[in-house]
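Trainee: return atomic coordinates for the entry below.
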Amino acid sequence: MNPQQQDTSPAGLCDLGSRLLQAGLLTEAADLCQRALAIDPGHADSLCLMGEVCLHLGQFDQAVEWVARALRIAPKAAYLSTLGTVLVRAGRPEEASKAFEKAISIEPENAENWKNFGAVLIDLDRPDRAFLPLQQALKLRPRYVAAANLYGMALYKQQRYAEALEHFNLSLEVEPAQADALQVRALVLMNLNRLEEAVADNQRSQLLNPLDADTHNNLGAVLQKLGRYEETLAWYDCAAALRASFVPPLIGKAHSLIELRRIDEAFASYAQCLARDPENPDARWGIALLQMLVGNFEAGWLGREARWDLGLMPDPELPQPLWLGDSAIEGKTILLYADEGIGDLFQFARYIPMLSALGARIILAAAGPACSLMSRMAGVAQCIAKPIGTLPPYDVHCHVSSLPLAFKTTLATIPSAVPYLPPPIDNRVKEWERRLGAHDQFRVGLVWSGNAGHSNDHNRSMPVRELTGLLDLDAMFVSLQKDPRDQDRRILAGTGIIDMTESLSDFDETAALISCLDLVISVDTSVAHLAGGTGCPVWILLPYTPDYRWMFDREDTPWYPTAKLFRQTENRRWSEVLERLRVELGGLIEGWRSARPTLP
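Mentor: Numbers count the residues shown, from 1 in each chain. Predicted structure coming up:
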């Protein structure tokens with residue numbers, strides 16, 4: 001524009017200043033605002049534009065003051081929207097939400113104000129309240145990419161993954177080249193177990209933004225879920241290199257290295273984590289489990305206390321002091337709190353008689369289905385069901401999974417005598433014998449899956465169809481599987497497996513049924529520990545990388561003398577495990593038949 005033709009009115013100067021701001025020329029934009037305000041100190045558009053310039057300069061307090069001056073002159077929706085944006089950047093989201101809400105009241109047809117209001121509610125961790133304004137934004141502008149992304153994010157945070165996917169699909173249909181939206185949609189797809197699609201979205205996001213550490217880490221995580229452990233390493237390395245303080249990729253890399261049995265490198269990856277974040281609970285927890293996998297239980301028990309910092313389970317916050325074997329307990333009442341799963345309770349119940357021998361009176365808090373059995377445990381004065389209502393009087397407390405630490409357990413000192421769990425109730429045993437009928441076949445109890453919510457369930461559980469190759473053996477197969485999954489229930493109905501699990505009301509009942517069987521075959525779940533703790537023969541089926549307690553490679557376990565471990569090979573296929581098991585089970589059945597007395 002020719003200088004002679006330039007509009008030097010406050011409005012003209014402000015308009016040119018706005019264009020300069022959009023071009024990134026902040027100093028020039030500010031100069032024009034000052035010229036406009038020199039002519040008219042009350043020119044509201046120029047006051048607001050000065051606020052925007054200060055916002056871009058990171059001068060948030062000055063930005064708020066400039067926009068507030070504009071609002072005192074003319075309370076326009078546009079000024080309120082600018083104020084809301086400034087307040088968000090200034091870290092004042094509560095005030096920002098009020099500014100956006102007021103802007104909406106003045107200009108209810110403005111989709112951007114609705115979107116901004118929804119965004120700040122998400123920042124305030126109020127996703128429920130964000131849905132309505134985001135819906136309104138999309139109603140006013142149906143293909144509004146920013147609103148669709150925010151709506152998808154709010155749904156993702158509420159774990160409403162299928163609904164979140166619809167909104168990210170809409171956004172990416174309108175604008176396919178969005179690195180951030182692809183990154184989050186990949187997380188949604190991963191949670192929907194659509195893993196190959198999650199890989200593809202992460203790869204597209206990485207191509208669009210090759211320096212984003214989170215995308216590299218997420219790609220490593222989804223490849224890990226797919227069991228492509230070797231591929232994950234390069235992605236985790238890139239993520240860790242892109243952000244010097246980033247710990248999750250080093251944790252992820254350690255997990256992959258453990259799956260690859262590269263143990264020294266896994267320890268080194270955890271050490272790198274601690275170099276970046278010395279108190280990181282994930283690294284301390286991971287090191288502890290790895291120490292125990294290689295048999296160093298003494299060090300591992302102490303590290304496992306990091307579970308409370310991880311938030312893996314709710315801390316009961318018991319008011320009386322924690323006891324970890326560091327003081328005399330004779331004559332005191334101790335509250336033992338079953339802090340992990342029922343299987344862990346059964347495994348570590350072996351310490352209860354030892355604790356009682358020290359002179360302690362023991363109150364045990366356990367999950368309801370275990371209370372009947374555990375109330376009969378030697379040394380237990382009282383067993384109460386979790387969640388605990390009113391606490392009974394006690395002097396100290398200890399978490400059940402901390403008992404091995406309290407007794408300074410090493411691999412060589414594991415209390416291994418069985419049975420240590422209470423014997424089954426006689427009349428319940430007789431009733432199960434009656435229901436099972438004549439003992440003219442070898443009886444095998446089966447458990448094929450654990451708690452679906454367990455973090456490692458996809459590795460430790462199997463579908464019941466995997467067991468069908470055993471069913472032509474000359475044995476009676478009895479289900480011990482409570483709450484089978486829908487697809488298993490349908491298949492189970494068409495097998496010869498006897499299913500009377502509706503009568504297994506608690507673990508006292510399950511223990512009675514187990515006592516009537518010749519063998520229990522179970523994946524790593526509570527029934528395996530119940531069988532082992534009651535001294536019954538049990539074959540435990542383990543994934544290639546098992547839980548810490550089973551260590552690597554060995555077929556026996558110091559925890560249960562009557563147990564035999566059947567492990568996946570590096571192929572990670574249950575079919576191979578069950579082929580080996582079938583051969584051994586066939587021999588065991590034949591031996592049982594041969595040893596039976598011949599009837600006249």
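
Trainee: now I334: phi and psi?
Mentor: Backbone torsions for I334, taken as degrees, to the nearest 10, come to phi -120, psi 130.

Trainee: next one: S479
Mentor: Main-chain dihedrals, S479, degrees, to the nearest 10: phi -80, psi 130.

Trainee: residue contacts, the closest residue in space to N110 that isn't next to it in sequence?
Mentor: Closest residue to N110 apart from its sequence neighbours, by Cβ to Cβ, 6 or more residues apart in numbering: A77 at 6.4 Å. Every residue, glycine included, has its C-beta placed from N, CA and C. Contacts for A77 (Cβ atoms under 8 Å, 6 or more residues apart in numbering) come out as 103-104, 106-107, 110, 113.

Trainee: spatially central residue for this structure, please.
Mentor: With the centre of the chain defined as its mean C-alpha position, the nearest residue by Cα atoms, centre = their mean is S455, 6.1 Å away.

Trainee: phi, psi of it?
Mentor: Dihedral pair for S455: phi -60, psi -30, per degrees, to the nearest 10.

Trainee: one more: P419?
Mentor: phi -80, psi 150.

Trainee: any idea how many residues pack against it?
Mentor: By the criterion of other Cβ atoms under 10 Å, P419 has 15 neighbours.

Trainee: for D61, give its distance to S46.
Mentor: 19 Å (Cβ to Cβ, to the nearest Å).

Trainee: can you tell me which of the contacts of A77 has the most neighbours?
Mentor: That'd be N113 among the contacts of A77, by other Cβ under 10 Å, with 28 neighbours.

Trainee: pLDDT at it, what is it?
Mentor: On pLDDT, N113 comes in at 95.

Trainee: just to revisit the earlier point, wait, what's in contact with the residue nearest to the centre of the chain?
Mentor: So S455 contacts nothing (Cβ under 8 Å, 6+ apart).

Trainee: swap in 10 Å and give it another go.
Mentor: L312 (Cβ atoms under 10 Å, 6 or more residues apart in numbering).

Trainee: please apply the same query to L80.
Mentor: Per Cβ under 10 Å, 6+ apart, neighbours of L80: 67, 70-71, 98-107, 113.

Trainee: secondary structure element holding it?
Mentor: Counting by DSSP states H and E, the element that carries L80 is helix 77-89.

Trainee: centre of the chain to that helix, how far?
Mentor: Relative to the mean C-alpha coordinate of its chain, helix 77-89 is positioned 37 Å out (Cα atoms, centre = their mean, to the nearest Å).

Trainee: I'd like to know which elements whichever helix or strand comes after it is packed against.
Mentor: Proceeding N to C from helix 77-89, the next assigned helix or strand is helix 93-106, under DSSP H and E. For helix 93-106, the elements it packs on are helix 60-73, helix 77-89, helix 111-123, helix 127-140, judged by 3 or more Cβ pairs under 10 Å, 6 or more residues apart in numbering; DSSP states H and E.

Trainee: and the helix or strand just after the last one, what's buried?
Mentor: Spelled out, that is helix 127-140. Scanning forward in sequence from helix 127-140 by DSSP H and E, the next helix or strand is helix 145-157. Within helix 145-157, the residues that count as buried by 16 or more other Cβ atoms under 10 Å are 145-156.

Trainee: for the residues you listed, give me TSV that also has pLDDT and distance to R428.
Mentor: Conversion of these to TSV gives the following (pLDDT from 0 to 100; distance: Cβ to Cβ, whole Å):
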residue	pLDDT	distance to R428
V145	97	63
A146	96	63
A147	97	61
A148	97	58
N149	97	58
L150	96	57
Y151	96	54
G152	96	53
M153	93	53
A154	93	51
L155	95	48
Y156	94	48
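
Trainee: just give me the neighbour total for L403.
Mentor: Other residues within reach of L403, judged by other Cβ under 10 Å, total 23.

Trainee: double-check that it belongs to a helix.
Mentor: Yes - the assignment for L403 (DSSP: H, G, I helix; E, B strand; the rest coil) places it in a helix.

Trainee: quick one: it from A349, how far?
Mentor: Using Cβ to Cβ, one obtains 9 Å as the distance from L403 to A349.

Trainee: shared neighbours, these two?
Mentor: Common neighbours of L403 and A349, counting by Cβ under 10 Å, 6+ apart, are L336.

Trainee: which residues in the stretch 151-300 of the chain form helices?
Mentor: Per DSSP state H, counting those that start in this stretch, the stretch 151-300 of the chain carries helices over the ranges 161-174, 179-191, 195-208, 213-225, 229-242, 248-259, 263-276, 281-293, 297-303.

Trainee: got any ranges where the chain has weak pLDDT?
Mentor: Across the chain, the ranges flagged by pLDDT under 70 are 1-6, 598-600.

Trainee: then stretch 80-100 to PDB, C-alphas only?
Mentor: Extracted C-alpha coordinates of stretch 80-100, given in PDB (Å, rounded to 0.1, in the frame of the first residue of the first chain):
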ATOM      1  CA  LEU A  80     -14.200 -12.400  26.000                       C
ATOM      2  CA  SER A  81     -13.000 -15.200  23.800                       C
ATOM      3  CA  THR A  82      -9.500 -13.600  23.600                       C
ATOM      4  CA  LEU A  83      -9.500 -13.200  27.300                       C
ATOM      5  CA  GLY A  84     -10.400 -16.800  27.800                       C
ATOM      6  CA  THR A  85      -7.500 -17.800  25.500                       C
ATOM      7  CA  VAL A  86      -5.100 -15.600  27.400                       C
ATOM      8  CA  LEU A  87      -6.200 -17.000  30.800                       C
ATOM      9  CA  VAL A  88      -5.800 -20.600  29.500                       C
ATOM     10  CA  ARG A  89      -2.200 -19.800  28.500                       C
ATOM     11  CA  ALA A  90      -1.600 -18.100  31.800                       C
ATOM     12  CA  GLY A  91      -2.600 -21.200  33.700                       C
ATOM     13  CA  ARG A  92      -5.900 -19.800  35.000                       C
ATOM     14  CA  PRO A  93      -8.400 -22.300  33.500                       C
ATOM     15  CA  GLU A  94     -11.200 -21.700  36.000                       C
ATOM     16  CA  GLU A  95     -11.300 -18.000  35.100                       C
ATOM     17  CA  ALA A  96     -11.000 -18.900  31.400                       C
ATOM     18  CA  SER A  97     -14.100 -21.100  31.500                       C
ATOM     19  CA  LYS A  98     -16.100 -18.200  32.900                       C
ATOM     20  CA  ALA A  99     -14.900 -15.900  30.100                       C
ATOM     21  CA  PHE A 100     -15.800 -18.400  27.400                       C
END
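
Trainee: buried residues in it, which are they?
Mentor: Here stretch 80-100 shows 80-88, 90, 92-93, 96-100 as buried, counting by 16+ other Cβ under 10 Å.

Trainee: same question for stretch 485-499.
Mentor: Neighbour-count burial for stretch 485-499 [16+ other Cβ under 10 Å]: 485, 488, 491-492, 495, 497-499.

Trainee: stretch 546-554: how far from the chain's middle?
Mentor: The answer for stretch 546-554 is 22 Å, by Cα atoms, centre = their mean.

Trainee: deepest in the core, which of the helices and strands packed on helix 93-106 is it.
Mentor: Burial of the helices and strands packed on helix 93-106 is given as mean neighbour count (mean count of other Cβ atoms under 10 Å); helix 111-123 ranks first at a mean of 24.
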